[in-house]
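In: With the input below, show me the fold.
(chains A, B, C and D)
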Amino acid sequence: MTVRIQTEDFDLGAEILHLRRGNTGIGAVASFVGLVRDLNHGTTITEMTLEHYPGMTEKALAEIVEEAKRRWNIIDALVIHRIGPLKPTDQIVLVAVSGAHRGDAFAACEFIMDYLKTRAPFWKKEQTEAGAHWVDARESDETAAQRWIAPST
Amino acid sequence: MTVRIQTEDFDLGAEILHLRRGNTGIGAVASFVGLVRDLNHGTTITEMTLEHYPGMTEKALAEIVEEAKRRWNIIDALVIHRIGPLKPTDQIVLVAVSGAHRGDAFAACEFIMDYLKTRAPFWKKEQTEAGAHWVDARESDETAAQRWIAPST
Amino acid sequence: MITLLYFARLRESFGLSSEQANLPADVADVRSLTEWLRQRGGAWQEELAQDSPVRVAVNQDMADPDTTVHDGDEVAFFPPVTGG
Amino acid sequence: MITLLYFARLRESFGLSSEQANLPADVADVRSLTEWLRQRGGAWQEELAQDSPVRVAVNQDMADPDTTVHDGDEVAFFPPVTGG
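Out: So this is what the prediction gives:
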């Protein structure tokens, strides 16, 4: 289980290879990459800055990953989240989960993303041609996270 | 929308970069890689051979991807499936879906995998120390595919 | 004349991956085609037994027993799929 | 003495990312701590208004109004998170 907060970009292919290394029992790797879009609610984004709460971020992410490991039969998980200034098409976040079978890998990966979106202390500030503003939390993210509160099958 | 059947390995990172190329509206890429495990039902696998039905395979996969595009708001999708002889830890299949938001990308990616497992004409033959045998279809795969028959949210 | 294709375990059991066949006049659908093949006996009878889970595709679309079969069709017989 | 941290919009509104504070004796939980900060007026009153969606973490765990606050604690105020 690895959690990393970094300003540098990451290499999806290399990270997944590293996640898999040495385990011949892995039959499934589900992964998710979040990217900066150039449009949000119809406004053109020129840059985005990601702020976080050092210390608490790592702790919150580690707890989310541990919860995923309790709930599903997975082998390993990786979370990388970037901070600092980012541009459209830049990678923001990677969540990858390995397991013997795909159902558990998919569910754990989506669970980690949904919880990260609502429980890990990151904040986005968007720079547009009209100026900069802090992004508002989306209700749909809270709804997505709530789905997991019922016991999973 | 791309569907490829090939004997050669694939490079996850390069394929995802290519899937994303030129589209600055992509905020989410969900992907799945299926791998050869060295153990199946407690038996050690030394090699596996994947046979397919040329022509029908491409057609079935294209139909599955089109169905995913009808059901979810996604931007693009990629399916690569290998055929021929494979060894433990080799990559078998890649499904990747890009979209503006993660919910649709995750659902479409898992849907394509579940339908591929039950509707695309591939067959696995496992080589073990005790000899070779054709892999039996798993009931759990049919159950996973059945979930998607109810109208999706 | 139709084209018959066999995959995976069926291909090995029949020792045949494809054949061209002239169908008797009473073979008009997947059910009667399967019955006709079953009458070859041996591996055909075993693999195509009525309770076997064999799948059939007609012209590369999944078919059921009632799917009609015409001259010029490509009909494939295979076990439940196990890719991915 | 406790450590107070402010993030994102709050950090900018307050013009402050952290401070050390000696709490009055009647400040014992997140609710009374927030009320105490609100009394600074201006941006504090606005951002920490009772209907504001501000989140509070005590020692890096999400807290609620009843969470107790002790000497030596690290208490952070921030808007709902928007990462990922």
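In: what sits up against the helix or strand of chain A with the lowest mean pLDDT?
Out: Ranking every helix and strand in chain A by mean pLDDT, DSSP states H and E puts strand A:39-40 at the bottom, with a mean of 80. Strand A:39-40 has contacts (C-beta atoms under 8 Å, 6 or more residues apart in numbering or on different chains) with A:45, A:126, A:135, B:24, B:25. For glycine as for every other residue, the C-beta is placed from the backbone atoms N, C-alpha and C.
In: Provide the strand pairings for it, with the direction of each partner.
Out: strand A:43-52 (antiparallel) (DSSP bridges).
In: Beyond the strand it pairs with, next helix or strand please.
Out: Past strand A:43-52, further along toward the C-terminus, the next helix or strand under DSSP states H and E is helix A:56-71.
In: which residues does residue A:87 contact?
Out: A:36, A:46, A:47, A:48.
In: which ones are touching residue C:19?
Out: Counting by C-beta under 8 Å, 6+ apart, residue C:19 touches C:3, C:4.
In: Quickly list what it is bridged to.
Out: Under the criterion used (DSSP bridges), residue C:19 bridges to residue C:4.
In: so how far is residue C:40 from it?
Out: Taking C-beta to C-beta, to the nearest Å as the measure, residue C:19 falls 11 Å from residue C:40.
In: Just the buried ones from the contacts of residue A:87?
Out: A:36, A:48 (16 or more other C-beta atoms under 10 Å in any protein chain shown).
In: Find the pair from the contacts of residue A:87 with maximum spatial separation.
Out: Taking C-beta to C-beta as the measure, the contacts of residue A:87 span a maximum distance of 10.4 Å, between A:36 and A:46.
In: hmm, back to that, nearest to chain C, of the contacts of strand A:39-40?
Out: Chain C lies nearest to residue B:25 out of those, by C-beta to the nearest C-beta, at 29.4 Å.
In: ok, back up a step: how far does the least confident helix or strand of chain A sit from its chain's centre?
Out: 19 Å (C-alpha atoms, centre = their mean, to the nearest Å).
In: give me the low-pLDDT residue ranges for chain A?
Out: A:150-153 (pLDDT under 70).
In: mind listing the strands for it?
Out: A:2-6, A:28-35, A:39-40, A:43-52, A:76-82, A:84-86, A:91-99, A:122-128, A:131-134 (DSSP state E).
In: Just give the closest residue to residue 48, not the sequence neighbours.
Out: Defaulting to chain A. residue A:86 (4.9 Å; C-beta to C-beta, 6 or more residues apart in numbering or on different chains).
In: oops, I was thinking of chain C
Out: In space, residue C:48 is closest to residue C:38, 4.6 Å off (C-beta to C-beta, 6+ apart).
In: next one: residue C:5
Out: residue C:76 (4.0 Å).
In: ok, now how distant is the residue in chain A that chain B sits nearest to from residue B:110?
Out: Relative to chain B, the nearest point of chain A is residue A:13 (2.4 Å; C-beta to the nearest C-beta). Distance of residue A:13 to residue B:110, given as C-beta to C-beta: 21 Å.
In: So for these two, which residue has more residues nearby?
Out: residue B:110 (26 against 16; other C-beta atoms under 10 Å in any protein chain shown).
In: got the contact list for the residue nearest to that one when sequence neighbours are not counted?
Out: Closest residue to residue B:110 apart from its sequence neighbours, by C-beta to C-beta, 6+ apart: residue A:106 at 4.9 Å. By C-beta under 8 Å, 6+ apart, the residues touching residue A:106 are A:28, A:30, B:32, B:106, B:109, B:110, B:113.
In: which ones are touching the third one?
Out: By that I understand residue B:32. A:28-31, A:102, A:105-106, B:93-96, B:109-110, B:113 are the contacts of residue B:32 under C-beta under 8 Å, 6+ apart.
In: residues in contact with stretch A:133-153?
Out: Contact with stretch A:133-153 is made by A:40, A:71-72, A:107, A:111, A:114-115, A:117-119, A:123-126, B:103, D:8-9, D:53, D:79-82, as judged by C-beta under 8 Å, 6+ apart.
In: all strands of chain C, in order?
Out: Along chain C, counting by DSSP E, strands occupy C:2-6, C:18-21, C:55-58, C:61-62, C:74-78.
In: Please produce CSV containing these, extended by mean pLDDT.
Out: Converted to CSV, these look like this (pLDDT from 0 to 100):
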stretch, mean pLDDT
strand C:2-6, 98
strand C:18-21, 98
strand C:55-58, 98
strand C:61-62, 96
strand C:74-78, 98
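In: Just send the ones you listed back as TSV, with distance to residue B:55 too.
Out: Shown next, in TSV, are the strands of chain C (distance: least, C-beta to C-beta, whole Å):
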stretch	distance to residue B:55
strand C:2-6	10
strand C:18-21	12
strand C:55-58	10
strand C:61-62	11
strand C:74-78	8
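In: coming back round to it: any idea how many residues pack against the residue nearest to residue C:5?
Out: Look at residue C:76: counted by other C-beta under 10 Å, it has 23 neighbours.
In: What segments of chain C are helices?
Out: Using DSSP state H, the helices found in chain C span residues C:8-14, C:30-38, C:42-47.
In: and stretch A:131-140, how far from the chain's centre?
Out: Counting by C-alpha atoms, centre = their mean, stretch A:131-140 comes out at 17 Å from the chain centroid.
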